[in-house]
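Colleague: Provided below are the primary sequence and the corresponding predicted coordinates.
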Amino acid sequence: MQKYDGSNRSRILFILISILIIDLISFTCILPLFPTILDGYAKAVPKDALYSKFVESVQSLEAAIGVPKLERYSNVFFGGVLGSLFSFLQYLSSPILGSLSDVYGRKPILFIATLGSLFSYYVWSISDTFAIFLVSRVIGGFSKASVSIATAVVSDLCTIDQRGRGMAFVGVAFSVAFILGPMIGAYFSVNSARFGADALFNAPRFAMALTILELILIWGLLPETADKSKPKQSIFTAAYDYISPISLLNFKILQKSLPKQSLDKIQAYGRVYFIYLFIYSGLEFTLSFYTHIMFKYDGMQQGRMYFVAGILMILTQGGYARRISTGKHHKSAFAGVLLLVPAYVIISLATSQWQFYIGLCLYALASAIVVPCLTTLVSQLSPEAEKGATMGVFRSLGALSRAAGPVFGSLTFWLVGPQACYIFGAMLFAIPLVMLRRVSLVDESKPVKKVD
């Protein structure tokens with residue numbers, strides 16, 4: 001197996017980011033298709049059995065708590081429940097796969113996980129029933145470890161001072177994918193309207209082709225970057241620590257590897273990340289439904305919305321985020337969260353598309369800053385031998401937030417409507433802001449040493 005010898009760092013980083021972009025485009029092309037896919041199963045003749053059961057359950061809940069029967073809001077809640085499934089499964093698998101990459105290497109674990117994604121797209125491509133589509137999401141959720149392992153590879157490649165720039169490139173990969181993926185998905189959505197629902201299955205076939213290319217790049221060009229000679233914590237004896245929310249929030253797997261001061265900081269940033277992403281993902285998930293309801297957006301218009309947001313995120317990450325100097329990531333993360341407050345207030349009060357786009361631009365700027373900064377802070381505090389496990393736990397916290405967030409956001413949207421939902425969400429961002437204020441600024445210039 002090709003091994004990293006400490007040279008050609010820029011070339012390897014370019015290969016890694018290319019792999020990540022391909023992976024994320026495959027993943028994001030479904031975003032504008034979600035409402036269309038649900039509509040397809042809703043209108044199926046004869047009725048889809050499992051989908052009908054879900055709809056009956058939602059209607060029973062509406063009747064039990066006295067919610068008005070507004071089908072357009074009910075679909076948001078229903079979509080939120082389904083959207084959470086993928087992230088919940090990723091929450092279960094991400095830290096375990098990250099830890100496996102510490103022991104067996106980044107390359108083989110990334111390759112195996114990508115094979116799982118390929119199989120999930122294949123199952124999606126033959127999902128003539130809602131049950132089969134659900135199976136594809138289950139397989140995909142368990143297999144999605146690309147971001148966790150990619151951040152571990154960046155930590156392998158980059159020194160402490162370079163790590164912030166490396167994480168910014170990971171953020172750029174997200175932005176590029178969120179430009180291209182939804183636009184491609186919107187194209188398939190428009191085709192389905194013109195040529196029938198069967199055209200939707202071109203999306204998973206496209207994702208399969210990209211994933212095969214990704215596998216070739218991983219196997220042929222990506223070297224092994226993990227130092228497997230260093231001692232690692234047992235994967236199986238600590239399995240509970242990787243899936244228990246309390247253990248994850250406490251970063252229990254690092255308690256024997258870090259001095260208390262550094263561990264306290266990692267725990268604090270992990271909790272900020274969890275609360276922030278819980279609120280953020282809940283509001284983010286409902287945006288496509290909101291624009292469909294308020295402005296009658298179709299798949300192409302929603303793809304254009306993601307395109308604009310993605311362009312702004314790339315410009316912000318390329319022009320600002322990667323240039324954040326050592327010691328400034330904490331303040332930048334705070335500023336990013338703060339920016340989301342007016343963003344969602346403006347979105348909630350928007351009565352025209354240009355007003356909505358003002359809020360969307362603020363949302364994109366904040367999105368480009370917060371997660372890369374928090375990821376850099378945690379990565380720089382992580383001991384070298386457990387970087388994969390640390391970033392796996394960190395990403396798993398994010399996956400847990402994204403599993404709970406869409407349910408919370410869509411439930412709020414369903415109960416009180418979009419305007420009150422976004423105003424309430426903007427107010428909730430005060431919680432991570434207060435938490436960040438209480439965290440002492442991290443001296444990012446000092447590497448953390450493993451203690452015996």
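Modeller: Perfect, thanks for sending it. Numbering: from 1, shown residues only.
Colleague: Can you show me the helices along the stretch 251-400 of the chain?
Modeller: With DSSP state H, counting those that start in this stretch applied, the stretch 251-400 of the chain shows helices at 260-295, 299-319, 329-349, 353-367, 370-381, 387-416, listed in chain order.
Colleague: Run through the residues that contact the nearest residue to residue 129 once chain neighbours are set aside.
Modeller: In space, and not counting its chain neighbours, residue 129 is closest to residue 48: 5.8 Å by CB to CB, 6 or more residues apart in numbering. Just so you know, the C-beta spots here come from the backbone N, C-alpha and C atoms, and that holds for glycine as well. Residues in contact with residue 48 (CB atoms under 8 Å, 6 or more residues apart in numbering) are 41, 42, 129, 130.
Colleague: Tell me how far residue 48 lies from residue 304.
Modeller: Going from residue 48 to residue 304 by CB to CB, to the nearest Å gives 31 Å.
Colleague: Can you name every helix or strand that the helix or strand residue 202 falls within contacts?
Modeller: Under the criterion of DSSP states H and E, residue 202 resides in helix 202-221. Contact here means 3 or more CB pairs under 8 Å, 6 or more residues apart in numbering; DSSP states H and E; on that basis helix 202-221 packs against helix 9-28, helix 106-125, helix 163-195.
Colleague: can you put those helices in JSON lines and add mean neighbour count and distance to residue 283?
Modeller: What follows is the helices and strands packed on helix 202-221, written out as JSON lines (neighbours: other CB atoms under 10 Å; distance: least, CB to CB, whole Å):
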{"stretch": "helix 9-28", "mean neighbour count": "20", "distance to residue 283": "18"}
{"stretch": "helix 106-125", "mean neighbour count": "21", "distance to residue 283": "27"}
{"stretch": "helix 163-195", "mean neighbour count": "22", "distance to residue 283": "16"}
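Colleague: Reformat those into CSV and put mean pLDDT next to each item.
Modeller: Shown next, in CSV, are the helices and strands packed on helix 202-221 (pLDDT from 0 to 100):
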stretch, mean pLDDT
helix 9-28, 90
helix 106-125, 93
helix 163-195, 79
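Colleague: Is it possible to get CSV of these that adds distance to residue 335?
Modeller: Listed next are those as CSV, based on distance: least, CB to CB, whole Å:
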stretch, distance to residue 335
helix 9-28, 25
helix 106-125, 32
helix 163-195, 15
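Colleague: Show me the one of those helices that comes nearest residue 265.
Modeller: helix 163-195 (15.3 Å; CB to CB).
Colleague: Check the offset of that closest one from the chain's centre.
Modeller: Centroid separation for helix 163-195 versus its chain: 12 Å, with CA atoms, centre = their mean, to the nearest Å.
Colleague: relative to helix 260-295, how tilted is that helix?
Modeller: 20 degrees (axes from the mean of the first three to the mean of the last three CA atoms, to 10 degrees).
Colleague: Give the other helices and strands that helix 163-195 contacts.
Modeller: helix 9-28, helix 146-157, helix 202-221, helix 299-319, helix 370-381.
Colleague: Only the buried residues of the third one, if you could.
Modeller: Using 16 or more other CB atoms under 10 Å as the test for burial, helix 202-221 gives 202, 203, 204, 206, 207, 208, 210, 211, 214, 215, 217, 218.
Colleague: which regions of the stretch 351-452 of the chain sit below the pLDDT cut-off?
Modeller: Applying pLDDT under 70 to the stretch 351-452 of the chain flags the ranges 385, 388-389, 392, 440-452.
Colleague: Wait, residue 311 touches residue 178, no?
Modeller: No: taking contacts as CB atoms under 8 Å, residue 311 lies outside contact range of residue 178: 9.6 Å.
Colleague: right, and the pair among the contacts of residue 48 with maximum separation?
Modeller: Taking CB to CB, no two of these sit farther apart than 42 and 129, at 12.9 Å.
Colleague: and residue 241, how far is that from residue 378?
Modeller: Residue 241 sits 16 Å away from residue 378, going by CB to CB.
Colleague: So if I had to pick from these two, which one is more boxed in?
Modeller: Between residue 241 and residue 378, residue 378 has the larger neighbour count (other CB atoms under 10 Å), namely 25 against 21.
Colleague: May I have the residues that are in contact with that one?
Modeller: Contacts of residue 378 (CB under 8 Å, 6+ apart): 266, 269, 270, 273, 390, 391, 394.
Colleague: And these, which is closest to residue 80?
Modeller: Using CB to CB, the contacts of residue 378 come closest to residue 80 at residue 273, 20.9 Å.
Colleague: Nearest residue to that closest one in space, please, no chain neighbours.
Modeller: That would be residue 374: by CB to CB, 6+ apart, it lies 4.9 Å from residue 273.
Colleague: That neighbour: neighbour count?
Modeller: There are 27 residues near residue 374, going by other CB under 10 Å.
Colleague: How about residue 30?
Modeller: Count around residue 30 with other CB under 10 Å applied: 22.
Colleague: residues touching the closest residue to residue 291 other than its chain neighbours, list them.
Modeller: Closest residue to residue 291 apart from its sequence neighbours, by CB to CB, 6+ apart: residue 297 at 4.1 Å. Contact analysis of residue 297 by CB under 8 Å, 6+ apart lists 288, 291, 305.
Colleague: now these: which count as buried?
Modeller: With burial judged by 16+ other CB under 10 Å, the buried subset of the contacts of residue 297 is 288, 291, 305.
Colleague: and residue 125, what does it touch?
Modeller: With CB under 8 Å, 6+ apart, residue 125 has these contacts: 201, 204, 205, 208.
Colleague: The nearest residue to residue 347 once chain neighbours are set aside: neighbouring residues, count only.
Modeller: Distances taken as CB to CB, 6+ apart place residue 359 nearest to residue 347, at 3.7 Å, with adjacent residues excluded. Burial of residue 359 is recorded as 20 neighbouring residues (other CB under 10 Å).
Colleague: before we move on, what about residue 246?
Modeller: 8.
Colleague: so how far is residue 273 from it?
Modeller: For residue 246, the distance to residue 273 (CB to CB) stands at 16 Å.
Colleague: do the same with residue 222
Modeller: Distance from residue 222 to residue 273, by CB to CB: 27 Å.
Colleague: residues in contact with residue 437?
Modeller: residue 334.
Colleague: scratch that, residue 368
Modeller: 171, 175, 312, 313, 314, 316, 317, 320, 321, 336.
Colleague: With residue 221 instead?
Modeller: Residue 221 neighbours (CB under 8 Å, 6+ apart): residue 15.
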